[in-house]
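Q: Test case, fold it:
(3 chains)
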Amino acid sequence: MGTNTDLEKSGIKKPFLTRKRRKIIHDITIHAVLIAFGTMFIFPFLWMLTTALKTSNELLQGTDVLFPADPQWINFRVAIETVPFFLYMKNSFLLVFFAIVGTLFSSTLTAYAFAKLQWPGRDVFFVIMLATMMIPMQVLLIPTYIMYAKIGWLGTRLPLILPYFFGGGSAFYIFMLRQFFKGIPKDLTESAIVDGASHFMIFIKIMLPLVKPALITVTLFTFMFVWNDYFGPLIYLSDPEQWTIALGLRAFQSQYSGRFDLMMAASLLTMIPTLLIFFFAQNSFIEGITFSGIKG
Amino acid sequence: MKKVILGMLILISILTLSACKGGEVDERIEIEFWHLSPVGDKSYSQVKQIIRDFNESQDVYYVNGTGFSFWDYWDKLNIAVASNTAPDVGFSTIDDNIHRAERGVLYNISDFMATDIAAGDDTLDIDLFYPSQLRFLTYEDDLYGLPFTATTRMLYYNLDHFAEIGLTEADVPTTWAELETVAKQLDKVDGTDIERIGFDPTYGQGTYMGYLWQAGLDFFNEDLQVTLNTQEHKDILEWMVTFNKEFSRSQLNAFGEANTILGIDPFAAGRVSMMIATDGLYQTLQDYDSSMNYAVAPIPLPDEDGIRVNWGSGFSLELYKNGNELNNKARGSWEFTKYLMSTSVQVEYSEAVGWLMGNKDAMDIVAEGNPIITALVAECEYAVDKVYIPYAPAWHGGDWFQYYDELKAGKLTVQQTLDNARDWYNEKQTNYNDTH
Amino acid sequence: METLKKTSTRKNAFKKLRSEEKKLGYVFASPWLIGLLTLGAFPILFSLYLSFTNYDMISKPDFIWLTNYRILLTNDSLFYKALFNTLYHVAISVPLGLVAGILLALLLNSKIKGMAIYRTIYYLPNVVSVVAMSLLWLWLFQPSFGIVNNLLSPIYEFLDMEPLLWYQSSDMSKMTLIIMGLWLVGGSMIIYLAQMQDIPTELYEAADIDGANGLQKIIKITLPLMTPSIFFNFIMGLIGGFQVFTTSYIMTQGGPGNSTYYYSYYLFDKMMVDNAMGMASAMAWILLVITLVITMVALSLNKYVFYLGDQT
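A: The predicted structure is shown next:
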């Protein structure tokens, strides 16, 4: 393989668009497009930030004042101090932890059954599973609540934790994981089967590791949903000591005057864990997955 | 695999154990009370104190109070009532109290009062409350709720703006004609953008039903049939939407939405000089630390035959049966209710949350020295609530707005609006009757 | 002799696994099945029962047979309008969302520096509170002072047309909400990115050896192997689209002129405002049937999906 100097020596002209130049143009174009649209996507976040930093007088002036003259970072402190912020955080983390464990547990197992196993009624149950997502949640609210009232789980955390271990609210993830499981090449499992592996071992030792990006996605989405869910804690918990952060921060929305600055400050603070998780979850997205070396 | 199952079982048992609720507090009868002052609200500690004072004043009952933010409270309450897990004492809305009373969901307060009198005990003095509110809380001659708060709507007007055109408090308009004259003088335009509007009948709490009541009309007649079919109905609606006809639709939209989108009150922002609003606007101005000079006045009447009336709503205090019959909890709830409705406690509560209360003596005390509140309290005498229509509980809201908004946008004429609304209410009535 | 032994071992191994699968399927799916039959079934069946009653949430329901259904289908002037609004939304937002999500994922899968930051930025709207976003959109798309119309004013002048009214126009409002919904494309983008990480790199390497360029690699490798996720987002887009509600509730309250009054919003009002929960339940079950029928038609497209796990 000749270098550019070899080419020059042999009299052939160097093409203008060398591989390196093509890559630079390619990269710059992508950067440009991403930045152009990215400004639109980052806008909501910036708007929340500037609102959080305004004084109440500036809030009153609405859109005449875009940037706060004297950023009120103290609003963040007020938001933290007005409610038992860290108690609520602890409660949120508790619920989120169990939700993630439960969801990963029940949805991976069920997805594997739909994806890789042949069992009577499988396709019917698959459609039933999809159908459970087609009923608007509002009409199920009171029946569900009455059910929990009858079995005595009201006022406890059970309705907010146990269903996740039994596939509750997981139809979305079950379907998603099923798609991913079906995308794993067959020959990886076949050699294991020949070696006498049971389905369970294939599931744990081969399938799960190969769908790691999907598992991370399930974790992220579950985290976001439970972290931001104020409604579940609202109706099922009776002791304010068990309130989560999403519910606790609703106190900033009073009937007549929403203190928008405090609301935004509080919302921004709650966003931080989600963003952190997302940012660091990137790392496993960036690795590719090679399948060589698993063969044989 | 076995270890995993074992782990899960242990986990589940831990959770179940931790789910057990505590028992009664030192042998006292526990009363559940839900209110609107959650942890983090500025009224939280004061409301907590009010409850604590009751608990310390006697040793038979123990009230456990939980506060929720305004928007969440109603979701929580409705679900709880549906499943018979409602609190023993809670706030609700006065205007549809009859709906719950009819269905046997609430305890009969008149019975409680009669029992007190028979036993020679103190009971509530009904004269402390506004008759119009009590009327809404009465079903088959008995009370099923008490008026915890009172609301009223008045005309707020900006004295700084008035001063600009040489007017004072004494010049506040009292009829629609005067209103128009003064409002036009206060309009301010900057090029094609509206900078300030003197008054708009559709802004703030200016409602079609409110103006109808001033003329002795309403949406419905005594048989709960929709009306909206007289010339006067049309004239009043016409007046509302053509008040500022010199401005274009898009100008008015832009002007209105500059504030509503961000949840800013246009009067508080100084963009509207006169506006109909509830006592809540007073609170808003306090919260925003506003230095505006303003005053309140009764809403101007259509003409000298007009009726002095405004839309007053309010929270009711209700005792939920949850499928039980009279028991010790109910008695305790009643004792706590009497406590909450008593004058001194009503004063305390008002100072905590800034509401106008239903107890007239309490409001006189709170209004002392504050001209705005004194005026608001005085106007409560003329406040009435809106009728409850079983087949269209939100007749004044979503049902009406779908046509009203189109009218304001210039897409429907007044006649079409009224006709469409009438058809809609009739359809709802038919469907309701078919299902009940 | 050796090969024969290997083949029969293989065959036996597979036979053993196949017979076990019939039971094993139920074992693996047991958490979900148990959940469905215990916690899941009661609310669903109860709501079906309620749809045949006049339940108003505070008194004992009376059984009224099919009255709710009859009223909805024959004597409710908003029913078909609400249904149309939702069908419109599904028909437009689903394809648009699919295309946008795929394009974004392809862009964000490039190997350039700072990709993690870009991905976070594009995902930000999904993390921001829905209320804050909705208010912001109202402000941006306000016909008179919103930035969008300000940016577009040269185009309006060039075409000599009135500025678009966006959410204030009953013709454009649904489209406006759909465009705003595109801000949330980050959600489907993540799933595509996850799927793309599962594409074996050997395939790309083989394509490079064959001299394929970037576009060819995308069309022949990336996209086909993304079809499992594309199919997923398509079905989920349909199911979710039929329940569209929140943005209209916060921003346009169903207006103007009921143009954004979606089916689920009407259902919500029937329940929370009119206290007609029996009727609302009937609406829910009608929606279920419609969604189910359309979804099952969509599921038949499964045969075009390329699952690597099904290839021998």
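
Q: Can you give the domain ranges for chain A?
A: Under the assignment automatic domain parsing, the domains of chain A span A:4-52, A:78-286.

Q: Let me know whether the shortest one sits next to chain C.
A: Yes. Under the criterion of C-beta under 8 Å from any C-beta of the partner chain, domain A:4-52 makes contact with chain C via A:26-27, A:30-31, A:33-34, A:37-38, A:40-45, A:47-48. Any C-beta I mention is one placed from the backbone N, CA and C, and that applies to glycine too.

Q: from those residues, which single one is nearest chain B?
A: Nearest to chain B out of those is residue A:47 (C-beta to the nearest C-beta; 10.6 Å).

Q: and the gap between the closest residue to the closest one other than its chain neighbours and residue B:258?
A: Excluding its sequence neighbours, the residue lying closest to residue A:47 (C-beta to C-beta, 6 or more residues apart in numbering or on different chains) is residue C:136, at 5.3 Å. Distance of residue C:136 to residue B:258, computed by C-beta to C-beta, to the nearest Å: 14 Å.

Q: Then residue B:410?
A: 20 Å.

Q: correct me, but residue A:251 touches residue B:38?
A: Yes. In this structure, residue A:251 is within contact of residue B:38 by C-beta atoms under 8 Å, at 4.4 Å.

Q: In three-state terms, how would the residue in the stretch 1-150 of chain A positioned nearest to chain C be classified?
A: The stretch 1-150 of chain A approaches chain C most closely through residue A:119 (2.5 Å), counting by C-beta to the nearest C-beta. Judged by DSSP: H, G, I helix; E, B strand; the rest coil, the three-state class of residue A:119 is coil.

Q: Check the gap between it and chain B for me.
A: 19 Å (C-beta to the nearest C-beta, to the nearest Å).

Q: neighbours around that residue, how many?
A: By the measure other C-beta atoms under 10 Å in any protein chain shown, the count of residues near residue A:119 is 18.

Q: Quick check: it touching residue C:21?
A: Yes. Using C-beta under 8 Å, residue A:119 is in contact with residue C:21, at 6.0 Å.

Q: Tell me who's in contact with residue B:231.
A: By C-beta atoms under 8 Å, 6 or more residues apart in numbering or on different chains, the contact list for residue B:231 is empty.

Q: any shared contact partners between residue A:251 and residue B:38?
A: Counting by C-beta under 8 Å, 6+ apart, the shared contacts of residue A:251 and residue B:38 are residue B:69.

Q: Any regions of the stretch 1-150 of chain A where pLDDT drops low?
A: Counting by pLDDT under 70, the stretch 1-150 of chain A contains low-confidence residues at A:1-14, A:56-66.

Q: Where does it get nearest to chain B, residue-wise?
A: Closest to chain B within the stretch 1-150 of chain A is residue A:83: 3.8 Å, counting by C-beta to the nearest C-beta.

Q: That residue and residue B:46, how far apart?
A: Taking C-beta to C-beta, one finds residue A:83 at 16 Å from residue B:46.

Q: Mind checking which of these two has more residues around it?
A: residue A:83 (24 against 16).

Q: Which residue comes closest to that one once chain neighbours are left out?
A: residue B:40 (3.8 Å).

Q: In terms of pLDDT, where does the residue positioned nearest the centre of chain C sit?
A: For chain C, residue C:237 is the residue whose C-alpha lies nearest the centre (C-alpha atoms, centre = their mean; 1.9 Å). Model confidence at residue C:237, given as pLDDT, is 96.

Q: Was I right to think it contacts residue C:94?
A: Yes. Here residue C:237 lies in contact with residue C:94, judged by C-beta under 8 Å, at a distance of 4.3 Å.

Q: Not counting sequence-adjacent ones, nearest residue to residue C:187?
A: Taking C-beta to C-beta, 6+ apart, and ignoring the residues beside it in sequence, residue C:187 has residue C:126 as its nearest neighbour in space, at 5.3 Å.

Q: What of residue C:38?
A: Nearest non-adjacent residue to residue C:38, counting by C-beta to C-beta, 6+ apart: residue A:166, 7.5 Å away.

Q: For that neighbour, list the residues it contacts.
A: Residues near residue A:166 by C-beta under 8 Å, 6+ apart: A:102, A:106, C:31, C:32, C:34, C:35, C:38, C:39.

Q: same question, residue C:175
A: residue C:92 are the contacts of residue C:175 under C-beta under 8 Å, 6+ apart.

Q: Where does it sit: helix, strand or coil?
A: Residue C:175 falls in the helix class when you classify it by three-state DSSP.

Q: pLDDT score for it?
A: Listed pLDDT for residue C:175 reads 95.

Q: element containing the closest residue to chain B within chain C?
A: In chain C, the residue that lies nearest chain B is residue C:144 (3.4 Å; C-beta to the nearest C-beta). In the assignment (DSSP states H and E), residue C:144 maps to no helix and no strand.
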